[in-house]
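1. What follows is a predicted structure for the sequence shown.
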Amino acid sequence: MKLGRLEKIDLRSYWKKEATDFTPWLAQSENIQLLSEAIGIELEVQSQEESVGPFSADILCKDTINDHYVLIENQLERTDHTHLGQLMTYAAGLDAVTIIWIAQKFTEEHRAALDWLNRITDDTFTFFGIEIELFKIGDSVPAPMFHIASKPNDWTKQVKKSANTQNVTAIKLQQFEYWKALKEYMEVNKSIVRMQAPSTQHWNSMAIGRSNFHLSATVNSIDKSISIWLNIGGEDAKSNFDKLKELAFSGSLTEISKDLIWDRMDDKKVSTVKLKTHGDFTNQKEWGVQFQWFKNNLESFTKYFKPIIAKL
């Protein structure tokens, strides 16, 4: 069988200018999705060249899980001190933010600087260094590739956070190990669902493609149960729940489970659709069965609800 050969293309041959060519390209939904897949964070573009207070970013996004701002700074050459200074300014001026620096090539000094920032900051701030390349095979159209040059060390940050928190219980530490193992299980089994970094909480959240909507996997050591929640928040939570129920209720009972519970939760700011089953997460011998249940049903939730939510 004859195979093609990858040919690397100069970025400037395709994107002449960062502001007028590359930034608008990256802001398109199908292209920001490529970046989302590379870093494991579901991004929703808010605007381009957006001012945040006195600051300005090439692209302003939101993390659809927590609605935190994600600032993207683009550079089609090797990294330089000017852009590093801009990143530091963003980090200093915002409370909870992810900073993504995209460049053609990271110098060792700038890679080390991002690694250092991730090491000394708590989990409020995260810094990503992303290298972008263009390739083609023969006369094919160019294909972009994102490579992570620097990223947060989630384990280190979680351990640091736990060390700074008094009275971390044994159950919380076990929850961390549970989510860590479930995340690895989902990745090894090539699940379409991307879990967040493990934490000591009794839940782990996942994106479903839109702000104010997200999935949560939860464990409960008191009633020995595990569950999946589709959480609907924001100012329009109740109206969005009503619209979703009108469109998806009957289908959800056949496509996901007849045991789904639709709960408008009128006394709370959020609404939810949830599925619950027995499961003692403190018993490690049960993890395999529980992980399979989570994988099957998280994927069913995602496949069924995601396209409907996108059209609301």
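-> That came through, no problem.

2. now the end-to-end length of stretch 265-285.
-> Counting by C-alpha to C-alpha, to the nearest Å, you get 35 Å between the two ends of stretch 265-285.

3. So for it, what gets flagged as buried?
-> When burial is assessed from 16 or more other C-beta atoms under 10 Å, stretch 265-285 yields the following buried residues: 270-276, 279-281. The way it works is simple: take the backbone N, C-alpha and C, and place the C-beta from them, glycine included.

4. List the ones among those that fall in helices.
-> Assigned to helices by DSSP state H, none of these qualify.

5. can you give me the strands for the stretch 151-300 of the chain?
-> 203-207, 213-220, 225-232, 261-263, 271-278 (DSSP state E, counting those that start in this stretch).

6. Same list, those, but as JSON lines with distance to I100 and mean pLDDT please.
-> Output for these, formatted as JSON lines (distance: least, C-beta to C-beta, whole Å; pLDDT from 0 to 100):
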{"stretch": "strand 203-207", "distance to I100": "16", "mean pLDDT": "90"}
{"stretch": "strand 213-220", "distance to I100": "20", "mean pLDDT": "95"}
{"stretch": "strand 225-232", "distance to I100": "25", "mean pLDDT": "96"}
{"stretch": "strand 261-263", "distance to I100": "36", "mean pLDDT": "97"}
{"stretch": "strand 271-278", "distance to I100": "31", "mean pLDDT": "97"}
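
7. would you list those in a markdown table and tack on distance to A103?
-> Shown next, in a markdown table, are the strands of the stretch 151-300 of the chain (distance: least, C-beta to C-beta, whole Å):
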| stretch | distance to A103 |
| --- | --- |
| strand 203-207 | 25 |
| strand 213-220 | 30 |
| strand 225-232 | 36 |
| strand 261-263 | 46 |
| strand 271-278 | 41 |
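
8. Ok, which of the ones you listed comes nearest S13?
-> strand 203-207 (33.8 Å; C-beta to C-beta).

9. How about residues contacting the closest one?
-> Applying C-beta atoms under 8 Å, 6 or more residues apart in numbering, the external contacts of strand 203-207 come out as 41-42, 63-66, 179, 182-183, 193-196, 198, 214-219, 229, 298, 302.

10. which of the residues you listed are buried?
-> The neighbour-count criterion (16+ other C-beta under 10 Å) marks 41-42, 63-65, 179, 182-183, 193-196, 198, 214-219, 229, 298, 302 among the contacts of strand 203-207 as buried.

11. low-confidence ranges in the stretch 151-300 of the chain?
-> Confidence mapping of the stretch 151-300 of the chain against pLDDT under 70 gives the ranges 154-168.

12. Show me where it has its helices.
-> Secondary structure of the stretch 151-300 of the chain (DSSP state H, counting those that start in this stretch): helices at 154-163, 170-188, 237-255, 287-310.

13. Show me what the longest one packs onto, helices and strands only.
-> Spelled out, that is helix 287-310. helix 170-188, strand 213-220, strand 225-232, helix 237-255, strand 271-278 (3 or more C-beta pairs under 8 Å, 6 or more residues apart in numbering; DSSP states H and E).

14. Give the other helices and strands that the last one contacts.
-> Identification of packing neighbours for strand 271-278 by 3+ C-beta pairs under 8 Å, 6+ apart yields strand 225-232, helix 237-255, strand 261-263, helix 287-310.

15. ok, and for the third one, which residues are buried?
-> Using 16+ other C-beta under 10 Å as the test for burial, strand 261-263 gives W262.

16. Quick one: distance of stretch 191-205 to the chain centre.
-> 10 Å (C-alpha atoms, centre = their mean, to the nearest Å).

17. for it, how far is the first residue from the last?
-> End to end - C-alpha to C-alpha - stretch 191-205 spans 15 Å.

18. cool, stretch 203-218 as well?
-> Termini of stretch 203-218 sit 4 Å apart (C-alpha to C-alpha).

19. and what of stretch 63-77?
-> Its first and final residues considered, stretch 63-77 spans 27 Å by C-alpha to C-alpha.

20. what pLDDT, on average, does it get?
-> Per-region confidence: stretch 63-77 scores 88 on mean pLDDT.

21. about what we covered before: export the helices and strands packed on helix 287-310 as TSV, with columns for distance to I102.
-> Shown next, in TSV, are the helices and strands packed on helix 287-310 (distance: least, C-beta to C-beta, whole Å):
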stretch	distance to I102
helix 170-188	24
strand 213-220	25
strand 225-232	31
helix 237-255	33
strand 271-278	36
